[in-house]
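Student: from the sequence below, what's the structure:
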Amino acid sequence: MNTQDRPIPDRDMIVARATPPGAGGLAVIRVSGPGCREIARRLFRSSRPGFTDLRPYRLHHGHFLSPDGRPVDEVLAAFLPGPGSYTGEDTVEISCHGGPAVVAGVIAAFTALGARPAEPGEFTRRAFVNGRLDLSQAEAVAELIAARTRTQADMALARLDGAMGERARELRTALEALRAGVCLAVDFPEDEMECLSREDFAAGVSGVAGKIRALIEVHGRARPWREGASVVLFGRVNAGKSRLFNALLGRERAIVTDVPGTTRDYLEETLDIGGMPVRLVDTAGLRQTSDEAERVGRDRGTGLAERADLALFVVDGSVPLPGEAADDDAKELALAERLGPSRVVAVVNKADLPPGAPDPADVLGDAGFATVRISARTGQGLDELMAVIRDRLLEGGPPEDATVPSLREAGALAAALAELEALLPDIGAGVPYDLLGVRLEMACVELSGITGEITSDEVLRSIFDAFCIGK
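Tutor: Got it, this is the predicted structure:
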C-alpha cells in the first residue's frame, strides 16, 4: 500500500505514560491529538500570577487537577504544537512524580475528558503517518530504546538520523533513472540517440547491485553487534563449567557442587564485552544417563553449542581425555571436532591440580584447538581466557559504515538484489525493454519498503506492535 493512500487514523486524542512503569522519582505522561492543549489548560493551574495559556516549547510549573478540581500533583507542563512535535500533532507532556497513584490520576483525568489509552507504538506510528519519520527511522526508535551497549545505541542513532532511509532513496533514484531510459527505449525504439544502450543499462544495474551487496554484507558483519553473540560452555560432567560460568560473570549464578550432573538444564546471562552484548550459556554436562530430565538437558546443551558463535570446550585438566571406548553420548571431543577449531576454544580447567597423563592441553593443542589453561576455583588464567574470547568475538570490530540495515531492511535489499541479478542476463540475452522494466520496477518497490513509502499494513503492525506503550 502506498503511504499516501494509507488511511490516516482517527484524529482522536491518545494518552500514555512515556517513562517505564513502576514507582520512580519522575514520570512523563504524553498526550497527543486535537484538543489536548485545551484539556491540559483546564487541568493545569500555573504557579505564576497572570498565567493565561500554555506557551509552545516552554516548561510551565504548577499543579495538575482532576476534572472536579482536586489536586493530583505538583507538575511541569509543556505544549508542543504540531506539526513540529514528535507525532506531528499537538502534544502535551506532563512531568509529575513517579508514584503509581499519581500517574494513574493524571491519565484518568485526561481519559475522563476524551482521551483514550494509546496502543503500543501508537505515538511513533502517528509520527510515521504524519511524515515526521520514515519507517526505517521508526524502527530505529525501538532499537535505541532496547540498546544494551554503546555500539548498539550508535547504530540506532545513525538510522534515527535517517542514514538508512537516505541510502535506500539514493539506490531507488539510480534505478528510477534507468527506468526512465528504458521508457525512452520502449517509446522510441528507432531513435538510437534517445535509447539507453544495453551496455550502459547493464553497467548501471551492476553498479546499484554492487552497492546493495555492500549493505547486505554490512548487515551480516554487524549482526553480532546488533543482536548479540552467543558463547556456550560445554563438556563432560564435573569439568567445572558452572564454576567457570560464575567466574566469568563475577558472581554466583549457577549452583556448584562436587556431585556430577548438578546442572541439568542450561543457564544464561548477558555480558557486555567490548561493546558487544554476549549471551553466556552454561549447559548440562555430557555423559551417558538413564535420567530423562538430565538427558533432555544434555541434548539441549549440545544443540546450543552447535548454534553458538563461540563454544568453550571445558575439560578437566587433571585427568586424561576419554578415549574411544567412552560412551557415544559422552564423546565431547567428537562434538568439539564437529564444530571445528574456528568456533571452539579449549578451556583446560583445574590448573591448580597436577595435569593428567597425557596432558589434555597437549592433546587438544595438537588437534588444532586454541587452548587456555585455567583454574576456575582460583582465578588462574581467567584474564587470558577473557582476552581470547574478546579477540574471537570482536575480530574486525563493528562495521565502520554506520548505516547498518535491520533484518527487515536486509530482507528488502536481498529481494531487490535478486531482481537485479535476474535482470542482468536478460539484458544480455536481448529481452525486450518493456519486459526488462518489470524487474526494475519490482526492485524499486522493494527499496521503497525500507522507508515505508510502499509497505503493507501487516508489516506496519509487526513493527509498531513490538513497541512499548508510550512511544
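Student: report all helices and strands that the one helix or strand residue 168 maps to contacts.
Tutor: Per DSSP states H and E, residue 168 falls inside helix 163-187. Counting contacts by 3 or more CB pairs under 8 Å, 6 or more residues apart in numbering; DSSP states H and E, helix 163-187 packs against helix 135-146, helix 198-227, helix 407-428, helix 433-451. C-beta: built from backbone N, CA, C; applies to glycine.
Student: which residues touch that helix?
Tutor: 134-137, 140, 158-159, 191, 194-196, 200-201, 204-205, 207-208, 211-212, 215, 402-406, 409, 416, 433-434, 436-437, 440-441, 443-444, 447-448, 450-451 (CB atoms under 8 Å, 6 or more residues apart in numbering).
Student: how much space between the closest residue in space to residue 71 that isn't next to it in sequence and residue 115?
Tutor: Ranked by CB to CB, 6 or more residues apart in numbering and with sequence neighbours excluded, the top spatial neighbour of residue 71 is residue 63, at 5.4 Å. Distance, residue 63 to residue 115, using CB to CB, to the nearest Å: 19 Å.
Student: more crowded one of those two?
Tutor: Each of residue 63 and residue 115 has its neighbours counted (other CB atoms under 10 Å); residue 115 has more, 23 against 15.
Student: for the helix holding residue 168, what is the average pLDDT?
Tutor: Confidence over helix 163-187 (mean pLDDT, whole number) is 81.
Student: check which residues of that helix are buried.
Tutor: Buried residues in helix 163-187, counted by 16 or more other CB atoms under 10 Å: 163-165, 167-169, 171-172, 174-175, 178-179, 181-182, 184-185.
Student: so after the helix or strand of the chain with the lowest mean pLDDT, what's the next helix or strand?
Tutor: Ranking every helix and strand in the chain by mean pLDDT, DSSP states H and E puts helix 292-307 at the bottom, with a mean of 66. Next along the chain after helix 292-307, taking DSSP H and E as the criterion, comes strand 310-316.
Student: report the angle between that following strand and helix 198-227.
Tutor: Relative orientation of strand 310-316 with respect to helix 198-227: 40 degrees, computed using axes from the mean of the first three to the mean of the last three CA atoms, to 10 degrees.
Student: for residue 38, what are phi and psi?
Tutor: Dihedral pair for residue 38: phi -70, psi -40, per degrees, to the nearest 10.
Student: show me the shaky parts of the stretch 51-200 of the chain.
Tutor: 183-196 (pLDDT under 70).
Student: could you pull out the helices in it for me?
Tutor: Assigned by DSSP state H, counting those that start in this stretch, the stretch 51-200 of the chain shows helices spanning 100-112, 122-129, 135-146, 150-160, 163-187, 198-227.
Student: for residue 18, which of those helices is the nearest?
Tutor: helix 122-129 (7.9 Å; CB to CB).
Student: how far is that closest one from where the chain is centred?
Tutor: 20 Å (CA atoms, centre = their mean, to the nearest Å).
Student: name the helices or strands packed onto that helix?
Tutor: strand 14-17, strand 27-32, helix 135-146, helix 457-464.
Student: ok, and what's touching the second one?
Tutor: The set of residues external to strand 27-32 that reach it, using CB under 8 Å, 6+ apart, is 13-19, 39-40, 85-87, 89-98, 102-103, 106-107, 110, 115, 118, 123, 126, 470.
Student: again, 6 Å this time
Tutor: 14-15, 17-19, 87, 89, 91-96, 98, 103, 106, 110, 115 (CB atoms under 6 Å, 6 or more residues apart in numbering).
Student: would you say residue 277 is within a strand?
Tutor: Yes: counting by DSSP: H, G, I helix; E, B strand; the rest coil, residue 277 is found in a strand.
Student: identify the bridge partners of it.
Tutor: Note on residue 277: beta-bridge partners by DSSP bridges are residue 272.
Student: next one, pLDDT for it please.
Tutor: For residue 277, the pLDDT comes out at 84.
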